[in-house]
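A.B. asks: Sharing a model that was predicted from the sequence below.
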Amino acid sequence: MGHKLLRLKKNDILRNMCSETSFLTDQLIQPIFVSEKSISKKVIPGIPDNYVLNLDNAITQIKSDLTSSCRNFILFLVPSDKKDFDFDLTFHKKVIATLKKNFKDEIFLWADVCLCSLTSHGHCCLFDKKNNIDINNTLSSLSQIAVTYADAGIDGISPSDMMDGRTAMIRKSLDENHHQYIPIMSYSSKFASNFYGPFRHAADSTPAFGNRKQYQLDYRNKNEALRASYRCSQEGADLLMVKPGQYSLDLIDPIKKKTGLMVGAYQVSGEYAGISLLAKENLLKFNDALSESWHVMKRAGAQFIISYGARKSKELGLNEK
């Protein structure tokens, strides 16, 4: 398993993303939602200029984003069929293969790896007959999904489920299937937050029952969050992440010091929507507020930022190199 330094040097986009002395456009990662059910692109409520896309729309959107120097993306895939076992990933493979065929090394494409958009119940795990988390089948499914994405041509894997042991299992499966140079960007300290609403609408991933507090972190607990990130670092993650980003600023530097790894922040849909809604009411200037939010996260030590406004990075004055 272990850490391979070469995984974070594979191309110019990833090297820029990991540059420690600059704030560059490649350090902003733009979420892209592609749905098998979408006929045309649909605006995501609360986060303007972000859409649920079909594959053709996604190609058009990425072409547009490249003209704005946005070339680092995280992909969220929403299938039309939902099953609780034996997942059909035909759609997922097609989207990844098509995007990489069209754009090759022009983009770096991360894939979110989770079960919430695949299962009928909308949770990030599988359950046994007693409605307890079936950890073994969950980890097996997550690993199979990661390998399938890698086989299809994905550049990086980003597990978001928060299950114990998932990073180690995914790393082992990738390595055994000749994908030892695909990096893992782990959602390592992810809280059961109230700020995920627009995302869940876009990803069709709202739980059908209960909530995710039985596996996501309690936002009241700092030491638990540090332990979660340390666990992922020991299991072979190459990059770590806090989520929600603006509500986890106190964790970034301690995680870096504890693990020695680069730590990013996910500016989640609710955080981004807050800026958008204030701007809509003319209570602030959108670009100025967005830029401030990014620089505050960088000030706290974030190496990279996932943001729904990443495609505006050049407009906001960030450099490409």
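C.D. replies: Done, it's in. Numbering: from 1, shown residues only.

A.B. asks: Give me the pLDDT for Cys124.
C.D. replies: On pLDDT, Cys124 comes in at 88.

A.B. asks: mind checking how far the residue lying closest to it once chain neighbours are set aside is from Lys94?
C.D. replies: The shortest distance from Cys124 to any non-neighbouring residue, by C-beta to C-beta, 6 or more residues apart in numbering, is to Asp161 (4.0 Å). C-beta coordinates here come from the backbone N, C-alpha and C atoms, glycine included. The spacing between Asp161 and Lys94, counted by C-beta to C-beta, to the nearest Å, is 23 Å.

A.B. asks: starting at the chain centroid, how far to the helix or strand hosting Leu277?
C.D. replies: Element membership of Leu277, judged by DSSP states H and E, is helix 269-280. Its chain's C-alpha centre and that of helix 269-280 lie 19 Å apart, by C-alpha atoms, centre = their mean, to the nearest Å.

A.B. asks: Flag every buried residue along that helix.
C.D. replies: Residues of helix 269-280 classed as buried by neighbour count (16 or more other C-beta atoms under 10 Å): 269-273, 275-276, 279.

A.B. asks: Buried ones in the longest helix along the chain, by neighbour count?
C.D. replies: Longest helix of the chain, by residue count under DSSP state H: helix 135-152. Neighbour counts using 16+ other C-beta under 10 Å place 135, 138-139, 141-143, 145-150, 152 of helix 135-152 among the buried residues.

A.B. asks: which among the buried residues of helix 269-280 gets closest to Glu292?
C.D. replies: Ile275 (9.2 Å; C-beta to C-beta).

A.B. asks: could you measure that closest one against Val268, distance?
C.D. replies: Distance, Ile275 to Val268, by C-beta to C-beta: 12 Å.

A.B. asks: Also Ser140?
C.D. replies: Note on Ser140: its distance to Val268, by C-beta to C-beta, is 28 Å.

A.B. asks: between Asp161 and Lys94, which one's more packed in?
C.D. replies: Asp161 (22 against 15; other C-beta atoms under 10 Å).

A.B. asks: gap between His92 and Tyr149?
C.D. replies: 7 Å.

A.B. asks: Repeat that for Glu235.
C.D. replies: Going from Glu235 to Tyr149 by C-beta to C-beta gives 18 Å.

A.B. asks: Leu318 too?
C.D. replies: Distance, Leu318 to Tyr149, using C-beta to C-beta: 28 Å.

A.B. asks: buried ones in the lowest-mean-pLDDT helix or strand in the chain?
C.D. replies: None of the helices or strands of the chain scores lower by mean pLDDT, DSSP states H and E than helix 197-203, at a mean of 87. Across helix 197-203, burial judged by 16+ other C-beta under 10 Å covers 197-199, 201-203.

A.B. asks: now do stretch 202-215
C.D. replies: Within stretch 202-215, the residues scored as buried using 16+ other C-beta under 10 Å are 202-205, 212, 215.

A.B. asks: With respect to Lys243, which of the residues you listed is nearest?
C.D. replies: Arg212 (12.1 Å).

A.B. asks: so the closest one makes contact with Phe191?
C.D. replies: No: using C-beta atoms under 8 Å, Arg212 is not in contact with Phe191; the gap is 9.7 Å.

A.B. asks: Strands of the stretch 101-250 of the chain, start to end?
C.D. replies: 108-113, 156-159, 185-190, 239-243 (DSSP state E, counting those that start in this stretch).

A.B. asks: wait, which of those is closest to Asp49?
C.D. replies: Distance to Asp49, taken as C-beta to C-beta, is lowest for strand 108-113 among those, at 19.7 Å.

A.B. asks: Good, wrapping up.
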